[in-house]
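> got a predicted model here, sequence first, then my questions.
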Amino acid sequence: STTCAGAVITAVGDKVSFRGAQLPMGPSVCEVRVNVVVPVAGAYVNTMPGGTVIANDGAVTNPQPGPSATLHVLQPPTVAKAFAQGTVAPGVPNRLTVTLSNPNAAQALTGVALRDALPAGLFVAQVPNASTTCAGGTVSAVASADSAQIAGATVPAGGSCSFAFDTVSNVPGLYTNTIP
């Protein structure tokens, strides 16, 4: 998209060009925005070399060295979970801890949210005892609910944090709790 009057944008492969933009006299600004997709996590530097923006039949160009911007693409967090006890009697609460790990050594993950849907027959305990070690995170674990979630969490760079709550089932059985 663009805010440049009269501009036509062309995007082919890893190249973007635009032409026909008209700016009014005096100080003015227009923007060209494109969505990008990258194959792997990492830092991607985009530089517009000097002299590539041409106006007034070549009388005006952008200066050297030209503007640049860096896009930091992060790896997603990994998730692990475990019950405090492998076996409990029906009606006895069992603590479930969900651990979020950040594989990005130099960048924290912010605004992290996760919903854990419990398997049929397993519920948040009457006294949820919800807690988190994730900075800024808010845990929602409502008594008798079939799910719990965390929102607004920060997972530190190269580190991990967790949220936990008590679960209960009144029916004997094997309950496998997975996050897709």
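Perfect, I can see it now. Residues are numbered from 1 along each chain as shown.

> chain center to stretch 121-133: distance?
Relative to its parent chain, stretch 121-133 has a centroid offset of 25 Å by Cα atoms, centre = their mean, to the nearest Å.

> for it, what is the average pLDDT?
Confidence over stretch 121-133 (mean pLDDT, whole number) is 98.

> the residue nearest to the spatial centre of the chain: helix or strand, and which one exactly?
The centroid of the chain falls nearest to residue 112 when counting by Cα atoms, centre = their mean (6.4 Å). Element membership for residue 112, per DSSP states H and E: strand 109-117.

> now do the buried residues in that strand.
Going by neighbour count (16 or more other Cβ atoms under 10 Å), the buried part of strand 109-117 is 109, 112, 114, 116. Every C-beta, even on glycine, is put in place using the N, C-alpha and C of the backbone.

> measure residue 88 to residue 125 for me?
Residue 88 sits 11 Å away from residue 125, going by Cβ to Cβ, to the nearest Å.

> between those two, which one's more packed in?
Taking other Cβ atoms under 10 Å, residue 88 and residue 125 do not tie; residue 125 has more neighbours (21 against 14).

> residue 23 and residue 77: what is the separation?
Note on residue 23: its distance to residue 77, by Cβ to Cβ, is 43 Å.

> what about the strands in this protein?
8-12, 15-19, 42-47, 54-55, 60-61, 68-73, 78-83, 94-101, 109-117, 123-124, 131-132, 138-140, 147-155, 160-168 (DSSP state E).

> in the second one, what's buried?
Put plainly, it is strand 15-19. For strand 15-19, burial by neighbour count (16+ other Cβ under 10 Å) applies to residue 18.
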